[in-house]
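K.L.:
Dropping the sequence and predicted coords here.
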Protein chains: 2
Amino acid sequence: MKKLRRSARLVDMTQHLLARPHKLIPLTFFADQYGSAKSSISEDLSIIKELFELEGIGLLKTVAGAAGGVKYIPKASPEEAERTMKDLCGMLQSPNRLLPGGYLYMADLLGNPEALGKIGRIFASAFAESGADIVMTVESKGIPLAYAAAQYLNIPVVIVRRYSKVTEGSVVSINYVSGSSKRIQTMSLARRSMPEHSKVLIIDDFMKAGGTVRGMIDLLEEFKAEVAGIGIFMETANVPELLVDDYVSLLSMTEVDTRDKEVRLELGNYFTK
Amino acid sequence: MKKLRRSARLVDMTQHLLARPHKLIPLTFFADQYGSAKSSISEDLSIIKELFELEGIGLLKTVAGAAGGVKYIPKASPEEAERTMKDLCGMLQSPNRLLPGGYLYMADLLGNPEALGKIGRIFASAFAESGADIVMTVESKGIPLAYAAAQYLNIPVVIVRRYSKVTEGSVVSINYVSGSSKRIQTMSLARRSMPEHSKVLIIDDFMKAGGTVRGMIDLLEEFKAEVAGIGIFMETANVPELLVDDYVSLLSMTEVDTRDKEVRLELGNYFTK
């Protein structure tokens, strides 16, 4: 690449960092790329760092030493996260979203790239220090949320199947009991989809009693993997026998009256605990 | 926001544009935001434009006049797209990926945010001028690809269900015949998921005879929607009775021998026609 002036360098470094969250980039990479001195690169980075913090885009973490470099950590500030989720509360509380069984229609929200990006950034903030190296979800509603979080954490996604598929080779299956309906169900994961000893962030869209999440935790044992965190977009509040202890929820459905079509949402435990 | 110097403005405008592909942003927005003259903003934009083109990130399209502004169009150059897909060919041709029924194991690839980003950018380049306002796919394998494309086109995703779900309210269902297995299957889409007269980009991971895509096209008629384009990640070559005419494929599986575990992939029609 030809030698770039500072203005062009700033544009390029910004896009390069944004496209590679959580990845350590040696200063020498940029210095070689642009034919610039490392001291100039450091100055560029401090301009980017200041703006990223000012605008609430995230942190630039500098690691000193020979193996050092710079890492972009996407972060939603607590205020921004709260504002985002309160907006979504307002939108999701509309009575015509209430469906039989106490579910909420959320497909439009989960189909919107901008909203998903904001939610993914919040999950990535909540689990930035979790050490997770894989995001796991169960098909199908949780898939967009899992990818949104994974994109900002820059780690891969594995998808647990509820229906048998011929296209994944040998699978590990377990039976689990749905916590709310008490029915026995099956979930499976392709044997080759996850290396042993993975640290797994479980993401799902909705949790009532936690049977599905419990199933995913049990499935992880078959892969000698460990749970790095559990992130739930919306939980049902006041469940008598919750099957999962330690999780982060962004929203909580505190009241639902399917007859009078009333639903009440509040911020989840990420904001209150 | 406080008045920013050019260096900080460049960083902020870069991230703002990258986060909002295909969206027209008035120059006055930036001018007001930073307390700068429009002429300075124009100079900033020309620096960003030059770098985006140099680095193959995409185009900055300037629209003149009172309703004018600037729009970021993500583009993968033909060379970059070809390089990306050839790399994926090499990776996917490995014999241990071949599964019964002539399918290929691709879950790891479709779980990788970096690879997905590249593929999404290629789909977004192919359909940048399609006028699509919604991306549609069928659960579950196509979902990550649909979101990857939708993110760069900055339009929402709707997901057609193969299995009945209680959580989407009233749905429109159709039966369709799987082109390769000739079995009758059902797919459905929530009534409220798509406004009438939508222009829909259909994205799917794999196409043999095209029965599933045909089903999606038929379903669109029920919503008075039209097909803006069809993007297939991998097609099977030399299918005798193809049910779909006009589509873009990125890869083509030209030979598959499940007994000897041999598979041969070539670039799809996006590169050859």
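P.N.:
Sure thing, it's come through.

K.L.:
Get me the contact residues on the stretch 1-150 of chain A for chain B.
P.N.:
A:4, A:6-8, A:10-12, A:14-15, A:18-19, A:47-48, A:50-52, A:54-55, A:57, A:99-101, A:103-105, A:107-108, A:111-114, A:116-117, A:139-141, A:143-144, A:147, A:150 (Cβ under 8 Å from any Cβ of the partner chain). Every residue, glycine included, has its C-beta placed from N, CA and C.

K.L.:
In strands, which of these fall?
P.N.:
In strands, defined here by DSSP state E, the members of those are A:99, A:103-104.

K.L.:
For chain B, state which of those is nearest.
P.N.:
When these are compared for distance to chain B (Cβ to the nearest Cβ), A:Tyr103 wins out at 4.0 Å.

K.L.:
ok, the nearest residue to the closest one once chain neighbours are set aside - how many residues close by?
P.N.:
Leaving aside its sequence neighbours, A:Tyr103 sits nearest to B:Thr167 (Cβ to Cβ, 6 or more residues apart in numbering or on different chains; 4.0 Å). Neighbour count of B:Thr167, defined by other Cβ atoms under 10 Å in any protein chain shown: 18.

K.L.:
I'd assumed B:Thr167 was in a helix, is it?
P.N.:
Yes - B:Thr167 sits within a helix when classified using DSSP: H, G, I helix; E, B strand; the rest coil.

K.L.:
for it, what are its contacts?
P.N.:
For B:Thr167, the contact set (Cβ atoms under 8 Å, 6 or more residues apart in numbering or on different chains) comprises A:99, A:101, A:103-105, A:141.

K.L.:
same check, this time on A:Pro113
P.N.:
The contact partners of A:Pro113, taken as Cβ under 8 Å, 6+ apart, are B:147, B:150-151, B:154-157.

K.L.:
same deal with A:Ala8?
P.N.:
Counting by Cβ under 8 Å, 6+ apart, A:Ala8 touches B:47, B:50-51, B:54.

K.L.:
repeat that for 7 Å
P.N.:
By Cβ atoms under 7 Å, 6 or more residues apart in numbering or on different chains, the residues touching A:Ala8 are B:47, B:51.

K.L.:
pLDDT at it, what is it?
P.N.:
Here, the pLDDT recorded for A:Ala8 equals 96.

K.L.:
Kindly report the same for A:Thr28.
P.N.:
Looking at A:Thr28, its pLDDT stands at 94.

K.L.:
For it, give its distance to chain B.
P.N.:
Separation of A:Thr28 from chain B (Cβ to the nearest Cβ, to the nearest Å) stands at 19 Å.

K.L.:
Tell me if that residue really is in a helix.
P.N.:
Yes - A:Thr28 sits within a helix when classified using three-state DSSP.

K.L.:
that older thread, out of the contacts of A:Pro113, which are inside helices?
P.N.:
If you go by DSSP state H, the contacts of A:Pro113 have B:147, B:150-151 in helices.

K.L.:
out of those residues, who has the most neighbours?
P.N.:
Top of the ones in helices among the contacts of A:Pro113 by neighbour count (other Cβ under 10 Å): B:Ala150, with 28 neighbours.

K.L.:
longest helix of chain A?
P.N.:
helix A:38-54.

K.L.:
Would you mind listing the buried residues in that helix?
P.N.:
Neighbour counts over helix A:38-54 (16 or more other Cβ atoms under 10 Å in any protein chain shown) mark A:41, A:44-45, A:47-49, A:51-52 as buried.

K.L.:
coming back round to it: mind putting the contacts of B:Thr167 into CSV with distance to B:Met91 and pLDDT?
P.N.:
What follows is the contacts of B:Thr167, written out as CSV (distance: Cβ to Cβ, whole Å; pLDDT from 0 to 100):
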residue, distance to B:Met91, pLDDT
A:Leu99, 42, 83
A:Gly101, 42, 76
A:Tyr103, 39, 81
A:Leu104, 40, 88
A:Tyr105, 39, 91
A:Lys141, 29, 89
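
K.L.:
Just the buried residues of these.
P.N.:
Buried by 16+ other Cβ under 10 Å: A:99, A:103-105, A:141, out of these.

K.L.:
And the furthest pair within those residues?
P.N.:
Greatest spatial distance in the buried ones among the contacts of B:Thr167: A:Leu99 and A:Lys141, 12.6 Å, computed using Cβ to Cβ.

K.L.:
out of the contacts of A:Pro113, who's nearest A:Gly90?
P.N.:
Proximity of the contacts of A:Pro113 to A:Gly90 (Cβ to Cβ) peaks at B:Pro156, which lies at 19.1 Å.

K.L.:
Tell me how many other residues crowd A:Lys224.
P.N.:
Using other Cβ under 10 Å, A:Lys224 has 11 neighbouring residues.

K.L.:
List the contacts of it.
P.N.:
A:196-197.

K.L.:
For B:Gly210, see how far away it is.
P.N.:
Noted for A:Lys224: a distance of 41 Å to B:Gly210, by Cβ to Cβ, to the nearest Å.

K.L.:
same thing with A:Lys75?
P.N.:
From A:Lys75 over to B:Gly210 the distance is 44 Å, taken as Cβ to Cβ.

K.L.:
more neighbours, those two?
P.N.:
Per other Cβ under 10 Å, whichever of A:Lys75 and B:Gly210 has more neighbours is B:Gly210, with 25 against 21.

K.L.:
my guess is that one meets B:Leu242, correct?
P.N.:
Yes - using Cβ atoms under 7 Å, B:Gly210 is in contact with B:Leu242, at 5.4 Å.

K.L.:
Tell me where chain A is predicted with low confidence.
P.N.:
A:1-2, A:164-166, A:179-180 (pLDDT under 70).

K.L.:
can you map out the helices along chain A?
P.N.:
For chain A, the helices defined by DSSP H occupy A:6-18, A:27-34, A:38-54, A:78-92, A:107-110, A:113-126, A:143-153, A:211-222, A:269-272.

K.L.:
Would you mind finding the most buried of these?
P.N.:
Highest mean neighbour count of the helices of chain A: helix A:143-153, a mean of 26 (counted as mean count of other Cβ atoms under 10 Å in any protein chain shown).

K.L.:
Now do stretch A:253-263: distance from first to last residue.
P.N.:
In stretch A:253-263, first residue to last residue: 7 Å (Cα to Cα, to the nearest Å).

K.L.:
Pull out the buried positions in that stretch.
P.N.:
Neighbour-count burial for stretch A:253-263 flags A:253, A:256, A:263 (criterion: 16+ other Cβ under 10 Å).

K.L.:
Could you do stretch A:124-139 as well?
P.N.:
For stretch A:124-139, burial by neighbour count (16+ other Cβ under 10 Å) applies to A:124-128, A:130, A:132-139.

K.L.:
And for that stretch, what's in contact with it?
P.N.:
With Cβ under 7 Å, 6+ apart, stretch A:124-139 has contacts from A:73-76, A:81, A:143, A:146, A:149-150, A:152-153, A:155-162, A:187, A:194, A:198-204, A:212, A:216, A:228-229, A:231, A:248, A:270, B:139-140.

K.L.:
cool, and stretch A:194-208?
P.N.:
Contacting residues not belonging to stretch A:194-208 are listed as A:106, A:110, A:123, A:127, A:130-138, A:141-142, A:145-146, A:149, A:158, A:179-180, A:212-213, A:216, A:220, A:223-236, A:239 [Cβ under 7 Å, 6+ apart].

K.L.:
Apart from its neighbours in sequence, what residue is nearest the residue minimising distance to the centre of chain A?
P.N.:
Geometric centre of chain A, nearest residue: A:Ala149, 2.4 Å, by Cα atoms, centre = their mean. What sits nearest to A:Ala149 in space, not counting adjacent residues and going by Cβ to Cβ, 6+ apart, is A:Phe123, at 3.8 Å.
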